[in-house]
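Q: Show me how the following folds:
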Amino acid sequence: MNRIPAIKDAAIKMTKVIAQQAPAAIANALVNLRVDGRSVQVDKGATLLDAINKSGSHVPTLCYHPEFEPRAVCRMCLVDVKGSQKPLPACRTIAQEGQDITTNTEELKSFRRRDLQFLLNRHPNDCIRCEVAGQCKLQSLVQEEQVQDMWPASAKKVRGSEHPEHLLHDHTSPSIFRDMDKCIECGLCVEACAAQKINAIGFAERGSGMMPITAFDKPLAETGCISCGQCTLRCPVGALIERPDWHRVLEVLDDRKRKTIVQTAPATRVAISEEFGLEPGSISTGRMINALRQLGFDYVTDTNFSADLTIMEEANELLQRVQGKREGALPLFTSCCPGWINYVEIHRPDLIPHLSTTKSPQQMHGAMARNGPLAKLIAEETEEEPFIVSIMPCTAKKDEAVRPGNRGDIDAVITTRELAKMIRHRNIPFASLSNDGKYDSPMGDSSGAAAIFGASGGVLEAALRTAADALGLDGPIEHEGIRGVERGVKVATIEGLGSVAAVSSIGSAIDLLSNDEWKKKFLMIEVMTCPGGCLGGGGEPKSDDKDILKKRMKGIYNIDSSSTIRKSHENKEVQQLYDNFLGYPLSETSERLLHTTYAARGSPREKLSQFLGAVDARDHEGAARLCTEDCIWDTNTPAFGAACGQESIKCLIKDKLPKVDKKCGQEIKRHRLMHVDGTDVLGPDDTLHHFDIALDDAGLIKSLTRTSL
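A: Model prediction:
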């Protein structure tokens, strides 16, 4: 008996039933309410704040961000709900069917003004010099409400006066400044650090004395902070900011005494649009280039160029590790993200053998701009070294630029937010600029693969494109499975290559690394410290739009899909760089300029690296600070002998070692740590040495002895 017609009839009937039930199901998932007399419909589970925003009304917030569970501590978003005996916080009150909400009664407005006056009483009158002036939520509300500062300076309750033992001002970090007298106790920095599972910041005390502090009130540089800057991204005021370098950059540009080179990271060309009122996700590459030229930069180059260069080195490094031809463990961890590198060195030094030795695109770019073809081109005009600036979405890049082995290649790192300040201060009408600016050459061409470095999964996808071609594998150019901005781990399996993983946020990496399963599953793992990758970096524009990362990601992938070249190894400028300067991936020149080493924080290896970095830079004061007062540095050479004590060490470096007079385009070789562990070092003269180093309890060098191998 043929049952197909009967099955077909049953399917049609079921489809009709589902179709009839669908509107009811959708209606049940929606909530109808009124806001300031207007009807509005929101999804079930939405908050009153969602309903208010959708209705077109407005209530202010200071402690709310859509990424975190609302805490409702600022009380600025209190609203009246008909039938409720007291105002309710809109940010955490779930919308209910039939509710009638009023946002702007005189009582509510009066309460908000008093709340603002209370905050002003505990806030310094420093707006005119504050780094977030014009972008500060508290300043904006005070200006909007025209709130008067009712307390004279003598009556002001200085922030932290209840507990003066806490460290209020902390500028020890190379990436982040803390000025807690500006704190409004919103808690967003604590939430951001907890979401990253770093927990370098937490609340102390209670009541009016409550404030976010570091563990045991240590300076930030001495904590487990990895410089990701998510706290600065969420802070609504100026209590936590990126270390400001834009003033120094403007000063150099205005002086016009040195040639200047600037590089722009992949994520900046999309995010900068938001700072000037353009649609989030808008691609403003040309506008940004034109703005940089108006600021006075002589050469505008692209970090995407060095992203392609990174893939050439990293893909070949992976293949050599797979073939057992190179030191290091599998799976290979990417090394582009400095927050991730900080995490490994501080919290998980056991992972160091898995890290790629390839420098990040920022540092590769700095090394090439300082020593490569562009530097030699500039040297035809001047002997003076160029001033090199990088524009990054990331606060940790400031930290990366001063690491041993990197120090001196980049003169200043500014964030996307800092670039926006520079443009505003020079009254450049960014949104009105033509979007036709072009990068200079060399170091201006790039592939679509380089563009997606800005998104989580992008470095891995770019590497897969090149590795697949190198192995002769057929496969898709796009890998949707490892794309996305959500926190978590995304996995893809490439036939003939193996399984790979892209990790979005350091918290997700911590979860992945909590057991050893990752060692068995994956060939390569990309870790981006910030959720969504560089698109969500700590130096990007601040936003309360819950979909902001998706909008930025769309712009990044549009750049890739519209690119003529979509694979890093097809970049003609990169090919020319190898032909004319580097030779080939992993060549001796590449190893010297494009690769780096790592060390557990506080270890003898790290202290040796810092000391030799100071020696290479002839920074006698910096080298001496790493030593005890009676430190002995035995060079084991007839020319220099042994230096006993800090003053003797300073004298040896300052007066006895050959002067470093680096001219434009001239490479000065540095000491380089060998292997993934230990204290063997390749000297600037290419001779191999071993160093015996002893540290005191404070981590200072007590003795240092060099032995030739």
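
Q: my guess is Leu319 meets Ala468, correct?
A: No: assessed by CB atoms under 8 Å, Leu319 is found out of contact with Ala468, at 11.3 Å. For every residue, glycine as well, the C-beta is placed using N, CA and C.

Q: Please say which of those two ends up with more neighbours.
A: Comparing Leu319 with Ala468 by other CB atoms under 10 Å, the one with more neighbours is Ala468, at 20 against 17.

Q: List the contacts of that one.
A: Asp474, Gly475, Ile494, Leu497 (CB atoms under 8 Å, 6 or more residues apart in numbering).

Q: Can I get the buried ones among those as something I can paste into ChimeraX?
A: The command below creates a ChimeraX selection of those among the contacts of Ala468 that count as buried (16 or more other CB atoms under 10 Å):
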select :475,494,497
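
Q: could you dump the contacts of Ala468 to TSV with distance to Arg258?
A: Shown next, in TSV, are these (distance: CB to CB, whole Å):
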residue	distance to Arg258
Asp474	50
Gly475	47
Ile494	46
Leu497	46
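
Q: out of the contacts of Ala468, who's nearest Ala194?
A: Ranked by distance to Ala194 (CB to CB), the contacts of Ala468 are led by Ile494 at 34.9 Å.

Q: Can you tell me how far the closest one is from Val681?
A: As for Ile494, its distance to Val681 is 38 Å (criterion: CB to CB, to the nearest Å).

Q: likewise Glu275?
A: 44 Å.

Q: how far does the helix or strand where Gln576 lies sit from the chain's center?
A: Here Gln576, judged by DSSP states H and E, is contained in helix 572-577. The gap between where helix 572-577 is centred and where its chain is centred comes out at 28 Å by CA atoms, centre = their mean, to the nearest Å.

Q: elements contacting the very next helix or strand once past it?
A: Next helix or strand after helix 572-577 toward the C-terminus (DSSP H and E): helix 588-594. Where contact means 3 or more CB pairs under 8 Å, 6 or more residues apart in numbering; DSSP states H and E, helix 588-594 is packed against helix 303-322, helix 361-371.

Q: Using TSV, lay out those helices together with distance to Pro212.
A: Output for the helices and strands packed on helix 588-594, formatted as TSV (distance: least, CB to CB, whole Å):
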stretch	distance to Pro212
helix 303-322	33
helix 361-371	30
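
Q: could you dump these to CSV with distance to Ser84 and mean pLDDT?
A: Shown next, in CSV, are the helices and strands packed on helix 588-594 (distance: least, CB to CB, whole Å; pLDDT from 0 to 100):
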stretch, distance to Ser84, mean pLDDT
helix 303-322, 53, 96
helix 361-371, 53, 97
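
Q: Of these, which is nearest His479?
A: That would be, of the helices and strands packed on helix 588-594 and by CB to CB, helix 303-322, which comes in at 14.1 Å.

Q: if you skip the residues just before and after it, what's nearest to Lys397?
A: Val413 (4.9 Å; CB to CB, 6 or more residues apart in numbering).

Q: closest to Ser456 among the contacts of Ala468?
A: Of these, the one sitting nearest to Ser456 (CB to CB) turns out to be Ile494, at 17.9 Å.

Q: Tell me what that closest one is bridged to.
A: With DSSP bridges as the criterion, Ile494 is bridged to Gly498.

Q: And the pLDDT at it?
A: You'll see Ile494 listed with a pLDDT of 84.

Q: And the one 5 residues further on, by the same measure?
A: As predicted, Ser499 sits at a pLDDT of 94.

Q: hang on, Ser446 packs against Thr301?
A: No: checked against CB under 8 Å, the pair Ser446 and Thr301 is beyond contact range at 10.1 Å.

Q: tell me the phi and psi of Leu695?
A: With angles defined as degrees, to the nearest 10, Leu695 shows backbone torsions of phi -120, psi 150.

Q: List the residue ranges of this protein that fall below the pLDDT cut-off.
A: 1-28, 150-163 (pLDDT under 70).

Q: do that again at 80, thanks
A: Scanning the chain for pLDDT under 80 picks out 1-28, 148-165, 207-209, 475.

Q: Name the residue closest to the centre of it, please.
A: The centroid of the chain falls nearest to Cys394 when counting by CA atoms, centre = their mean (2.6 Å).

Q: list the contacts for that residue?
A: Cys394 touches Cys228, Gly229, Ala265, Cys337, Pro338, Gly339, Thr415, Cys530, Cys534, Gly537, Gly538, Gly539, counting by CB under 8 Å, 6+ apart.

Q: Pull the number of nearby residues for the closest residue to the first one other than its chain neighbours.
A: It refers to Cys228. Excluding the flanking residues, the one nearest Cys228 by CB to CB, 6+ apart is Gly339, at 4.2 Å. If you count neighbours by other CB under 10 Å, Gly339 ends up with 29.
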